[in-house]
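S.K.: just the structure for this:
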Amino acid sequence: MKYCRCERAGRIHYGLIEGDDVALLDGAPFSGGRTTGERLRLAEVRLMAPVEPPNVFAIGANYQDHIDETGSSRPERPLIFLKPTTAVIGPETPVVLPTMAPDEVDYEAELAIIIGRTARNLPPEAAIGAVFGYTCANDISARDCQKRIDRQWTRAKGFDTFCPLGPWIETDLSPADLPISLRLNGQVMQQGTTAAMVFAIPYLISYLSQAFTLLPGTVILTGTPAGVGMARKPPRFLRPGDTTEVTIGGIGTLRNPIRAEGTDTVRAPCCA
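M.R.: Numbering: from 1, shown residues only. Okay, here's the model as predicted:
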């Protein structure tokens with residue numbers, strides 16, 4: 001089943017996509033939302049980030065080929081960082097290159113997990129039972145902040161618009177071996193499979209749940225395969241006018257244009 005979050009005529013709804021229609025819900029589907037009987041045409045709504053997350057957790061260095069391309073060491077345990085919820089945007093919403101760090105902004109195609117119930121101290125064998133569904137994500141990163149200026153990841157990965165999610169949440173999906181790719185202006189830059197993760201999804205959820213209470217709607221980004229811009233020779237960072245497309249098998253494609261701060265961008269509230 002495909003669940004979305006959409007806007008029409010200034011009203012924001014959660015909905016269940018059924019063919020060319022969206023059956024509206026009276027609340028978030030992972031919090032018990034039910035259909036209201038009202039339907040809209042999918043072509044007539046604007047898709048937004050499919051969730052307003054209470055937290056966005058992310059995992060670094062979780063594909064061996066990405067570890068190799070960056071000259072990093074394979075981690076002994078998951079590398080966890082947070083992205084602020086103010087970074088979350090939806091499909092077709094522009095990623096904004098921030099004025100204070102516009103030059104080395106990079107892309108990272110990722111599978112995102114959406115947690116469906118409150119979870120704490122889960123064993124790996126029970127972890128998938130806490131999942132509501134999956135969506136596409138792009139872990140946008142300002143590499144100069146990450147690698148040289150701050151030398152940590154909070155600002156580098158947390159600027160407004162640096163967490164595109166969408167286009168919807170797919171619930172009927174096994175995440176074990178999904179093709180994942182990113183195209184930049186139509187050119188394939190990243191191509192891999194979720195089977196190549198260093199730490200598999202059940203382990204990641206279990207590990208996180210031992211440190212944090214995972215609330216309904218929590219988003220977990222699971223790492224990126226090789227092909228990021230900073231590892232290319234010469235490096236290929238994002239520029240105004242570019243377009244990124246993250247595609248994951250069984251889910252769909254998350255598309256976002258790239259804009260400079262202060263140009264024709266309309267910054268809506270969180271999760272636009």
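
S.K.: name the residues that touch the longest helix anywhere in the chain?
M.R.: The helix that spans the most residues within the chain, counting by DSSP state H, is helix 201-209. Contacts to helix 201-209, defined as Cβ atoms under 8 Å, 6 or more residues apart in numbering, come from residues 57, 59, 62, 77-78, 80, 113, 115, 119-128, 130-131, 175-176, 194, 199, 214, 220, 222. Just so you know, the C-beta spots here come from the backbone N, C-alpha and C atoms, and that holds for glycine as well.

S.K.: ok, now which ones touch residue 155?
M.R.: Taking Cβ under 8 Å, 6+ apart, we find residue 155 in contact with 101, 142, 145.

S.K.: just the ones in strands from those, please.
M.R.: residue 142 (DSSP state E).

S.K.: now tabulate the contacts of residue 155 in CSV and tack on neighbour count, pLDDT and distance to residue 255.
M.R.: Putting the contacts of residue 155 into CSV (neighbours: other Cβ atoms under 10 Å; pLDDT from 0 to 100; distance: Cβ to Cβ, whole Å) gives the following:
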residue, neighbour count, pLDDT, distance to residue 255
101, 19, 98, 23
142, 27, 98, 21
145, 23, 97, 25
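
S.K.: closest to residue 163 out of the contacts of residue 155?
M.R.: Closest approach to residue 163 among the contacts of residue 155 (Cβ to Cβ): residue 142, at 12.9 Å.

S.K.: coming back round to it: of the contacts of helix 201-209, grab the buried ones for ChimeraX.
M.R.: In ChimeraX syntax, the buried subset of the contacts of helix 201-209 is picked out as below (16 or more other Cβ atoms under 10 Å):
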select :57,59,62,78,113,115,119,122,127,128,130,131,175,194,199,214,220,222
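
S.K.: out of the contacts of helix 201-209, which sit inside helices?
M.R.: Reading helices off those with DSSP H, I get 124, 125, 126, 127.

S.K.: OK, contacts around the residue in the chain sticking out farthest from the centre?
M.R.: Distance from the C-alpha centroid of the chain peaks at residue 37, with 29.9 Å (Cα atoms, centre = their mean). Applying Cβ under 8 Å, 6+ apart to residue 37 gives no contacts.

S.K.: for it, grab phi and psi.
M.R.: phi 100, psi -10 (degrees, to the nearest 10).

S.K.: and if you look at residue 45?
M.R.: phi -110, psi 160.

S.K.: I figured it hits residue 7, correct?
M.R.: Yes. Between residue 45 and residue 7 there is a contact under Cβ atoms under 8 Å: 6.6 Å.

S.K.: who touches both of those two?
M.R.: Common neighbours of residue 45 and residue 7 (criterion: Cβ under 8 Å, 6+ apart): residue 13.

S.K.: when the two are compared, which one has more neighbours?
M.R.: A direct count of neighbours by other Cβ atoms under 10 Å for residue 45 and residue 7 places residue 45 higher, at 21 against 15.

S.K.: now that one: closest residue in space, sequence neighbours ignored.
M.R.: In this structure, residue 45 finds its nearest non-sequential neighbour in residue 6, 3.9 Å apart by Cβ to Cβ, 6 or more residues apart in numbering.

S.K.: now do residue 81
M.R.: Leaving aside its sequence neighbours, residue 81 sits nearest to residue 153 (Cβ to Cβ, 6+ apart; 4.8 Å).

S.K.: Validate this expectation: that neighbour resides in a helix.
M.R.: No. Per DSSP: H, G, I helix; E, B strand; the rest coil, residue 153 lies outside any helix segment and is coil.

S.K.: enumerate every residue touching it.
M.R.: 60, 81, 141, 146.

S.K.: ok, residue 152 - how many residues close by?
M.R.: Using other Cβ under 10 Å, residue 152 is surrounded by 11 other residues.

S.K.: flag the shaky bits of the stretch 101-250 of the chain, pLDDT-wise.
M.R.: By pLDDT under 70, the stretch 101-250 of the chain contains no weakly predicted segment.

S.K.: any chance you could map the strands in it?
M.R.: Counting by DSSP state E, counting those that start in this stretch, one finds strands in the stretch 101-250 of the chain at the ranges 105-106, 109-115, 131-138, 141-142, 163-170, 179-184, 187-193, 219-221, 243-248.
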